[in-house]
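K.L.:
structural data only, the sequence is not supplied:
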């Protein structure tokens, strides 16, 4: 078994659920996922957030993890609505450190990049040709998920004090504006590897507020659990589980499910499979010049420029797009 694992590659892929939230809530076990069709075997795509859509295409921000590079970057995937084929990849953010979970908050992207040692938001500048990077916290958050609620901004995340902390301790930070966060009175507000780590943006359904979370009790990103927010204040937080979602009935990426984002007309998720490949040991031997040749034309992200590492002005506050 140990020898076989030398050839085992982990693949995540983006999926589209075209049924609405009503169907999900009534029949959570029947969630049918259409997986994005692509030819790549040297990378995976995960943590999808819908940036835009039109009559023909979905435009999805996601983590693009190229195995040779051993780190993720944020790319925009153009997906055909009829065939679910991946038609184009545009690199949006590419840093020296790993990036994932490109949470979209108004005009900002707040990706997970805890290896940078801080939390940054990225704002388009120069007509979209580059991004301004703004530090919003000196703390390194994992899967930052921001909510505007009761005239406050609430940032839900885990941290990386140790391996268990990243999946088990939910922390909430509150602010009047992006970049001025302070810890919740009950920090950490939850200690539970089934329901702590964020798994997507908050959404509303029938007047109630819900939070998708990752169930990591058995393995990382095993299921998505949907939690109804009961109480959210600077002194208290309470939520209640309402359902569990998996990708089980939608092969081949049906071993895990760890992102759920609901939008008008669609839901975007990701799923997981394991595949044996002779490519894996070869990846470790690839040198940088060969890597650049192999991925030529698709290696660079848009330019990132440093921004003020402080809070944003009142007139620059974002709004939640969900």
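P.N.:
Ah, there it is. In this text the structure is predicted, and so the values were computed from the model without any measurement.

K.L.:
so which residues of the stretch 51-200 of the chain form helices?
P.N.:
Along the stretch 51-200 of the chain, counting by DSSP state H, counting those that start in this stretch, helices occupy 165-168.

K.L.:
point out where it drops to low pLDDT.
P.N.:
Scanning the stretch 51-200 of the chain for pLDDT under 70 picks out the ranges 163.

K.L.:
try it again at 90.
P.N.:
For the stretch 51-200 of the chain, applying pLDDT under 90 flags the ranges 67-70, 124, 126-130, 160-167, 178-180.

K.L.:
in it, which spans are strands?
P.N.:
All strands of the stretch 51-200 of the chain, identified by DSSP state E, counting those that start in this stretch, fall at 57-66, 71-80, 86-93, 100-105, 108-112, 119-125, 130-137, 142-149, 152-158, 169-175, 182-183, 190-191.

K.L.:
tell me the strands beside the second one, with direction?
P.N.:
In the sheet containing strand 71-80, its partner strands are strand 57-66 (antiparallel), strand 86-93 (antiparallel), by DSSP bridges.

K.L.:
how about TSV for those, with distance to residue 179 added?
P.N.:
Heads up, the C-betas are built off the backbone N, CA and C, glycines and all. What follows is the strands paired with strand 71-80, written out as TSV (distance: least, C-beta to C-beta, whole Å):
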stretch	distance to residue 179
strand 57-66	21
strand 86-93	19
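
K.L.:
nearest to residue 214, out of those?
P.N.:
Between residue 214 and the strands paired with strand 71-80, the shortest gap by C-beta to C-beta is with strand 57-66, which sits at 14.3 Å.

K.L.:
need the strands of the stretch 51-200 of the chain in TSV (columns: distance to residue 12 and mean neighbour count).
P.N.:
Formatted as TSV, these follow (distance: least, C-beta to C-beta, whole Å; neighbours: other C-beta atoms under 10 Å):
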stretch	distance to residue 12	mean neighbour count
strand 57-66	8	23
strand 71-80	10	21
strand 86-93	14	17
strand 100-105	10	24
strand 108-112	14	24
strand 119-125	22	22
strand 130-137	24	20
strand 142-149	14	22
strand 152-158	19	23
strand 169-175	23	21
strand 182-183	31	12
strand 190-191	25	16
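
K.L.:
which residue sits closest to the most centrally placed residue in the chain, ignoring its sequence neighbours?
P.N.:
The chain has residue 101 as the residue nearest its centroid, 2.6 Å off, counting by C-alpha atoms, centre = their mean. Nearest residue to residue 101, sequence neighbours excluded (C-beta to C-beta, 6 or more residues apart in numbering): residue 112, at 3.9 Å.

K.L.:
surely that neighbour and residue 142 touch.
P.N.:
Yes. Counting by C-beta atoms under 8 Å, residue 142 is a contact partner of residue 112 at 5.6 Å.

K.L.:
what do those two both touch?
P.N.:
Both residue 112 and residue 142 are contacted by residue 101, under the criterion C-beta atoms under 8 Å, 6 or more residues apart in numbering.

K.L.:
follow-up on the earlier one: which residues does the residue nearest to residue 101 contact?
P.N.:
So residue 112 contacts 47, 99-101, 103, 141-144 (C-beta under 8 Å, 6+ apart).

K.L.:
please redo it, this time with the cut-off set to 10 Å
P.N.:
Contacts of residue 112 were listed using C-beta atoms under 10 Å, 6 or more residues apart in numbering, and they are 47, 63, 72, 74, 98-103, 119, 140-145, 157-158, 198.

K.L.:
please report the distance of it from residue 175.
P.N.:
Here the criterion is C-beta to C-beta, to the nearest Å. By it, residue 112 lies 19 Å from residue 175.
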